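>>> My questions concern the predicted model and sequence given below.
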Amino acid sequence: MGIARGRPGGTRLDGVGHRFDIAAPNPAFWTGVYEDETESGAAVIDTSRLMVSVSGVRGRVGEGLTPEVIATFAAAFGAYVKQRGPGRTVVLGRDSRVSGPMFHRAAAAALQSVGCDVVDVGIAPTPTVQLAVEDLGAAGGLAVTASHNPIEWNALKFIGPTGMFLDGDEAAAMRAFLESEIPRATWDELGGVTTDEGAVERHLQRIFSIPFIDLDRIRARRFHVALDCVRGAGGSIFPRLLDELGCRVDAINMEMDGRFPREPEPVAENLGELEELVRRTGADIGLATDPDVDRLSLVSGAGRAIGEDYTLALAAQLVLRHRPGAVVTNLSTSRLLDDVAEQAGAVLVRAPVGEINVARRMQSEGATVGGEGNGGVILPDVHLTRDAPVAAALILQLLAETGQSLQELADGIGRYEIVKEKVARPSQPLDAVYDALAARFPEAEADRQDGLRLDWRAEKKWAHLRPSGTEPIVRVICEAQTRAEAAELVETLRAALPR
Ligand code: MG
């Protein structure tokens, strides 16, 4: 493998001016440079231009990210899951990115080289790949996708035998294979490759068998839906989903060629074309996904993107109508969800940022619904991962049950303003800052699971201060009923940070 050179502990610019750590101190993430260890035969990868986290590795195509990098990580992953079991089958799928076929072939070859049998699901949503791992009783799964990252990125996401992403301990065990010689199979032990054409269909059937999805009731409404799949993998599932739900659909960006016509993250400011489509066609609702179809964003019948925070809030509202129980989200998610939980008499539990943290907490709490404020809804009835088709079905069921429009439903929950800031990370540990802030605001509830979160429940506002795992910055996020109030809170926290 190529020779790695970098400065562990240093920082660098990544080409667009983002600085990120070569060796990030946050144990939830690991980056670093594997020096050439010819004697031990360890795999050598230059990770200085990659972003490596617990659940995956990503980089810019042709810069940090090459077929060699993908093949090395895929081989290490294959060796890890094969040792762990059950069996040696790995499900492999990808989103629609232009670099997808190239990396998909590299990953498949690498998995075969360590003796894993590859089940290829082709272009598919990440949640479909995850569900296939569960359905087939596979040892793991790999999704070739950079999720909502811009067009020049690609990545691998690592999936364990439960269909959930690897957690910190599992990622460390996998990393051990990168740091030693990856055990390769001899000619007679190489893995095979088979294709699985049924993964999307099985995913749809799981959604249709959610106990509180009433297909006839949704179909009877004949919803007029505008759809934007950003030329991502959504085209493989959304048309069938909406067809089965009896919707009339006006769709854009359904070609699965990865040539994203907009920034692929489905945040309100990127959804202008969908807003226009809703207005032009008179649709009841607009749905937008990210390229790997785990996040869903909504546009009202008036053609206004209502903000991705409402997706989980509304989906949870529907689930709690049928099944009271705990709701889990991360520490940075809007308090719209507190209001929804409170109205339903449900408990809201907050976990550290990161999908796997939310999913694991949902498991331990026996939660009925959960997810992230970025449009990622997790429904354990289907599986413990973010799933945009699940979210869409829940939202349409809510519209059908209540007879209300999306805007009326959103207005019924309320409205908050979130202000986010990035501040350079001070060199000293932040514990003293957390202590000082908690002491200064004794009336606020303090949560120290992941940085510091202060919650003024009576005043309906909160602040979250958290060091980034991948960049030398501290994120400051505040939410309040007015923008001025949220901005003031950000300023207070920023001022408390040492310079
Ligand atoms: Mg995604």
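That came through fine. Numbering: from 1, shown residues only.

>>> what about the nearest residue to Lys461 once chain neighbours are set aside, how many neighbours?
Nearest non-adjacent residue to Lys461, counting by C-beta to C-beta, 6 or more residues apart in numbering: Ala480, 3.8 Å away. Glycine gets a C-beta too; all of them are placed from N, C-alpha and C. Using other C-beta atoms under 10 Å, Ala480 has 23 other residues around it.

>>> And Arg105, by the same measure?
Close neighbours of Arg105, defined as other C-beta under 10 Å, add up to 14.

>>> Now the helix or strand harbouring it - C-alpha only, CSV.
Element membership of Arg105, judged by DSSP states H and E, is helix 100-113. The C-alpha trace of helix 100-113 is given here as CSV (Å, rounded to 0.1, in the frame of the first residue of the first chain):
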residue,chain,number,x,y,z
GLY,A,100,-20.1,4.4,-6.7
PRO,A,101,-19.6,1.6,-9.2
MET,A,102,-15.8,2.0,-9.0
PHE,A,103,-15.7,1.8,-5.2
HIS,A,104,-18.4,-0.8,-5.1
ARG,A,105,-16.2,-3.1,-7.3
ALA,A,106,-13.2,-2.4,-5.1
ALA,A,107,-15.1,-3.2,-1.9
ALA,A,108,-16.6,-6.4,-3.4
ALA,A,109,-13.1,-7.6,-4.5
ALA,A,110,-11.6,-6.8,-1.1
LEU,A,111,-14.4,-8.7,0.7
GLN,A,112,-13.9,-11.7,-1.5
SER,A,113,-10.1,-11.5,-0.8
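
>>> pLDDT averaged over it - what is it?
Averaged over helix 100-113, pLDDT sits at 98.

>>> Name the residues of it that are buried.
For helix 100-113, the buried set under the neighbour-count rule, 16 or more other C-beta atoms under 10 Å, comprises Gly100, Met102, Phe103, His104, Ala106, Ala107, Ala108, Ala109, Ala110, Leu111, Gln112, Ser113.

>>> near the ion, which of those residues show up?
Among the buried residues of helix 100-113, no residue sits close to the ion (C-beta under 5 Å from the ion).

>>> what would these look like in CSV with distance to Thr385?
Below are the buried residues of helix 100-113 laid out as CSV (distance: C-beta to C-beta, whole Å):
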residue, distance to Thr385
Gly100, 20
Met102, 26
Phe103, 21
His104, 20
Ala106, 25
Ala107, 20
Ala108, 23
Ala109, 27
Ala110, 24
Leu111, 21
Gln112, 26
Ser113, 28
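
>>> ok so, going back, where's the helix or strand just after the helix holding Arg105 relative to the chain centroid, distance-wise?
For helix 100-113, the succeeding helix or strand toward the C-terminus, using DSSP H and E, is strand 117-123. Chain-centre distance of strand 117-123: 21 Å, with C-alpha atoms, centre = their mean, to the nearest Å.

>>> now swap in stretch 361-372 and tell me
Distance, centroid of stretch 361-372 to centroid of chain: 15 Å (C-alpha atoms, centre = their mean).

>>> avg pLDDT for that stretch?
Rounded mean pLDDT across stretch 361-372 is 98.

>>> What of stretch 378-398?
What stretch 378-398 shows for mean pLDDT is 98.

>>> now do stretch 143-159
Averaged across stretch 143-159, the pLDDT comes to 96.

>>> now the end-to-end length of that stretch.
Criterion C-alpha to C-alpha, to the nearest Å; first-to-last residue distance in stretch 143-159 is 8 Å.

>>> Over to stretch 233-252?
Stretch 233-252 end-to-end distance (C-alpha to C-alpha) = 13 Å.

>>> That stretch and the ion in contact?
No - judged by C-beta under 5 Å from the ion, stretch 233-252 makes no contact with the ion; its nearest approach is 9.6 Å.

>>> Show me how the chain divides into domains.
Listed domain ranges for the chain are 50-197, 203-413, 417-496 (source: automatic domain parsing).

>>> how about low-confidence regions in the stretch 1-150 of the chain?
1-44 (pLDDT under 70).

>>> give me that answer again for 90
Within the stretch 1-150 of the chain, the stretches with pLDDT under 90 are 1-56.

>>> mind listing the strands in it by residue range?
11-13, 19-21, 50-53, 56-60, 89-94, 117-123, 140-144 (DSSP state E, counting those that start in this stretch).

>>> Using a markdown table, lay out those together with mean neighbour count.
Shown next, in a markdown table, are the strands of the stretch 1-150 of the chain (neighbours: other C-beta atoms under 10 Å):
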| stretch | mean neighbour count |
| --- | --- |
| strand 11-13 | 13 |
| strand 19-21 | 19 |
| strand 50-53 | 24 |
| strand 56-60 | 22 |
| strand 89-94 | 28 |
| strand 117-123 | 22 |
| strand 140-144 | 30 |
